[in-house]
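Trainee: I would like the atomic coordinates for the input below:
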Amino acid sequence: MIDGLVGGIRNAWEGAKEIVSGLGNGIKGWFAEKLGIHSPSRVFKGYGVNVVEGLAIGMDKAQPLATQASQNLSSAVKFACFK
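Mentor: Below you'll find the predicted structure:
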């Protein structure tokens, strides 16, 4: 009896996953059509550009921190060498 209950739940779960997956694919297709997305690579190309631009902005803003850290490291190495 328990095995039958577990089997029924499993079967219902698989059906529910298929329905949700179908809805997700339908929504994805609708958005792709409405937004004119013909290739996922075009979308991810845009994401890649944004990531690199964000990285460059972050690196520029953090330059003083990197400079100070480099100076601290070189001072520590110099001190260790002449100890």
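Trainee: quick one: end-to-end length of stretch 54-68, please.
Mentor: 22 Å (Cα to Cα, to the nearest Å).
Trainee: off-centre distance for that stretch?
Mentor: Relative to the chain's own centre, stretch 54-68 is displaced by 22 Å; criterion: Cα atoms, centre = their mean, to the nearest Å.
Trainee: what's in contact with the helix or strand harbouring S75?
Mentor: Assigned by DSSP states H and E, S75 falls within helix 63-81. For helix 63-81, the surrounding residues in contact (Cβ atoms under 8 Å, 6 or more residues apart in numbering) are M59. In this view, the C-beta of every residue, glycine as well, is placed from N, C-alpha and C.
Trainee: pLDDT on it, on average?
Mentor: On average, the pLDDT along helix 63-81 is 91.
Trainee: next, the buried residues of it.
Mentor: Using 16 or more other Cβ atoms under 10 Å as the test for burial, helix 63-81 gives no buried residues.
Trainee: and N50, how far is that from V43?
Mentor: The spacing between N50 and V43, counted by Cβ to Cβ, to the nearest Å, is 11 Å.
Trainee: ok, V49 next?
Mentor: Separation of V49 from V43 (Cβ to Cβ): 11 Å.
Trainee: go on, K78?
Mentor: Distance from K78 to V43, by Cβ to Cβ: 49 Å.
Trainee: same deal with G26?
Mentor: 18 Å.
Trainee: quick one, which of the two is more surrounded?
Mentor: V43 (13 against 10; other Cβ atoms under 10 Å).
Trainee: tell me how this protein divides into domains.
Mentor: As given by automatic domain parsing, the domain ranges for the chain are 1-38, 39-83.
Trainee: now the helices for this protein?
Mentor: For the chain, applying DSSP state H gives helices covering 2-35, 40-61, 63-81.
Trainee: worst average pLDDT in those?
Mentor: Taking the mean pLDDT of the helices of the chain, helix 2-35 comes last: a mean of 84.
Trainee: any idea how far it is from the chain center?
Mentor: With Cα atoms, centre = their mean, you get 24 Å for helix 2-35.
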